[in-house]
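In: give the three-dimensional model of this entry:
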Amino acid sequence: MGGRGGSGRSSAAVIQVPAGDANAMADLDIRDAYDDALNIKGNTGNRWVTLQALRTALSVRGMSRERQDRELTRFANERKGILLPEEIQRTLTPGVRDAGLRYGGEINHLFQIER
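Out: Numbering: from 1, shown residues only. You can find the predicted model right below:
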């Protein structure tokens, strides 16, 4: 998994962010982590990633679980990403279940950024 530029498998866009804008920095971390999770999953045409995979990529970037919850909730509230519960709950592994995030009255296990 790569740092600020993503996984290293594709060209990274250079984005200038004001040093004091913590939300913009968190957005970059979420987008980079999402790209890493997608790259690990492979190109299946399905752009949903598990929160387990996204949280792993965010942890590598030094983001605590508490901050992940706060930033992912903000990201979804700002309509920058979509959280979705797994429809078939019995198929969830313990790791995917533990990575869930309560949002919109439900425990969500999947995440997507529309582009």
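In: check which residues of the longest helix along the chain are buried.
Out: Secondary structure of the chain per DSSP state H: the longest helix is helix 22-41. By neighbour count on 16 or more other CB atoms under 10 Å, the buried set for helix 22-41 is 26-27, 29-39. Every residue, glycine included, has its C-beta placed from N, CA and C.
In: pLDDT of that helix, averaged?
Out: Mean per-residue pLDDT for helix 22-41: 91.
In: could you give the average pLDDT over the helix or strand that that helix is followed by?
Out: Sequence order places strand 49-50 as the next helix or strand after helix 22-41, per DSSP states H and E. For strand 49-50, the per-residue pLDDT values average out at 94.
In: and the next helix or strand past strand 49-50?
Out: As assigned by DSSP H and E, the chain's next helix or strand after strand 49-50 is helix 51-60.
In: and the angle from that following helix to helix 22-41?
Out: Between helix 51-60 and helix 22-41, the angle comes out at 120 degrees (axes from the mean of the first three to the mean of the last three CA atoms, to 10 degrees).
In: quick check: which ranges of this protein have low pLDDT?
Out: 1-20, 43 (pLDDT under 70).
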